[in-house]
Structures are given as C-alpha cells and as structure tokens.
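Asks: the following block contains a protein sequence and its predicted model.
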Amino acid sequence: MRTIAVTGGIGSGKSEVCSILSSRGIPVYDSDSAAKRLYREDGSLLDSVEGVFGQSFRDLSGEPDLKKLASVVFSSPERLKVLESLVHPAVREDFRRWKAMWSARLEDMPESPDFFGGRPFCVMESAIILEKPEFLAMVDYVALVDAPLQARLKRACERDNADPSEIIRRMSAQRFDLSRADVIIRNDGSLGDLPDEVDRAFRALNSR
C-alpha cells in the first residue's frame with residue numbers, strides 16, 4: 001500500500017486536507033499525535049528521555065508533562081536533536097505497525113474513486129518530513145499544503161488563540177522547499193474550495 005506524506009507550515013491547512021481524506025475512508029497517521037501518544041503508552045521511551053536530560057517530565061499523577069519537556073528542549077537545537085534521536089525511531093516503528101494493520105484490513109477492498117489510483121493508500125501527516133530523510137524514505141510521494149502568509153497567520157492565531165508575534169516566531173523556524181514536494185495543494189480559497197483542490201492534486205499524482 002502506497003504512502004502519501006501530507007506536510008505544510010503552521011496554518012497552511014494540512015490538518016484540514018487530512019480530515020477530507022480521512023472522511024473518504026483513507027487511513028491518516030498523524031505523526032505529532034502519535035509521538036504524544038507514545039510518551040503515554042511506551043514507558044521505556046519516557047524513561048529514556050528523562051535519563052538523557054536528567055530530570056522528570058511527569059506531572060503529579062505520573063502522566064507525561066509535555067509542556068515541561070517542550071520548555072527544556074525546543075529552545076535548544078542540540079537538545080531537540082537528542083530528543084528526536086529517541087522519539088523518531090519509536091514513531092517510525094509505530095507507523096510501520098499501523099501501516100501493516102491497515103494494509104491487511106484493506107487488502108481485499110475493491111477499487112474506489114476515493115483512493116489514489118483506485119487502490120487503497122495511506123497518509124502520513126508530518127510537518128517536518130521534508131527535513132527528515134529517514135521519514136522521507138518511508139513514503140512514496142509528498143503533497144505540500146501551501147497558503148498565503150496572511151491567511152496562515154490569521155488561521156493559526158484563531159486556532160491557537162495566540163499573539164501574532166508568537167505565530168510569526170514559530171513560522172520563522174519552519175522552512176519548506178516547495179521543489180521537494182511531488183504536488184502542491186493550494187489552500188488559498190475558502191474551506192469549501194479545498195476538497196476540489198485535493199482532488200486536483202491527487203489526480204496530478206496519479207498521472208505521474
């Protein structure tokens with residue numbers, strides 16, 4: 001079963017694109033949500049993170065305190081790289097298991113116009129995949145969701161209830177090379193326009 005990565009910057013609308021695909025019965029793996037889940041489910045992962053950084057990242061109830069972890073790690077590129085060396089292998093293995101499950105589940109499904117090329121495929125939603133060769137190697141194509149800066153800023157501020165300066169700071173930390181994507185999904189219209197744009201992009205992929 002082929003895997004299509006859906007990526008894009010803050011406020012671009014990649015989650016909306018994935019929601020459209022999911023509503024059509026296409027399995028979507030949200031890498032960011034998966035990492036947060038693994039902190040809760042895989043005790044050895046959190047143990048390893050705490051061992052490397054020499055402090056606890058659990059709240060009073062013993063649950064992962066991801067805000068505390070973020071405050072320690074995301075201000076330092078070196079610390080972030082160390083964290084990724086622990087978390088990313090766990091996410092990749094989790095994705096392999098997830099994909100194997102869906103491949104078996106959809107193996108005998110008849111062709112459908114909702115599927116890329118008529119045959120089942122799955123989606124990996126990831127904001128960082130273009131910068132991570134080990135994740136890129138796991139997908140067949142990359143669809144990048146793009147939108148004008150002002151539209152992205154407005155969406156992100158409304159979604160996160162955040163100050164524009166904070167969103168701009170987060171945006172400046174992201175870099176997307178559009179030439180590395182196999183197809184661009186333009187999210188510069190209304191939400192109602194997006195399904196047609198998704199269809200256009202996936203027809204373009206199907207003709208490659």
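Replies: Yep, that arrived.

Asks: what is the lengthiest helix in the chain packed up against?
Replies: Taking DSSP state H as the criterion, the chain has its longest helix at helix 77-106. With contacts taken as 3 or more CB pairs under 8 Å, 6 or more residues apart in numbering; DSSP states H and E, helix 77-106 sits against strand 28-30, helix 31-41, helix 43-53, helix 66-73, strand 121-125, helix 133-136. In short, each C-beta sits where N, CA and C put it, glycine included.

Asks: mind checking the SS state of the residue nearest to Ala181 when sequence neighbours are not counted?
Replies: Sequence neighbours aside, Leu144 is the residue nearest to Ala181 in space, at 3.7 Å (criterion: CB to CB, 6 or more residues apart in numbering). The assignment at Leu144 comes out as strand when based on DSSP: H, G, I helix; E, B strand; the rest coil.

Asks: in the lowest-mean-pLDDT helix or strand in the chain, what's buried?
Replies: The weakest-scoring helix or strand in the chain, judged by mean pLDDT, DSSP states H and E, is helix 164-172 (a mean of 75). For helix 164-172, a neighbour-count test (16 or more other CB atoms under 10 Å) marks 167, 170 as buried.

Asks: highest average neighbour count across the helices and strands packed on helix 77-106?
Replies: strand 121-125 (a mean of 23; mean count of other CB atoms under 10 Å).

Asks: quick one on the thing from earlier: quick one: the residue nearest to Ala181 from Arg58, how far?
Replies: Taking CB to CB, to the nearest Å as the measure, Leu144 and Arg58 are separated by 36 Å.

Asks: ok, now Pro77?
Replies: Using CB to CB, Pro77 is found at 25 Å from Arg58.

Asks: more crowded one of the two?
Replies: The neighbour comparison of Pro77 against Arg58 (other CB atoms under 10 Å) goes to Arg58, with 14 against 10.

Asks: confidence score at the closest residue in space to that one that isn't next to it in sequence?
Replies: Spatial nearest neighbour of Arg58, excluding adjacent residues (CB to CB, 6+ apart): Asp65 at 5.8 Å. On pLDDT, Asp65 comes in at 94.
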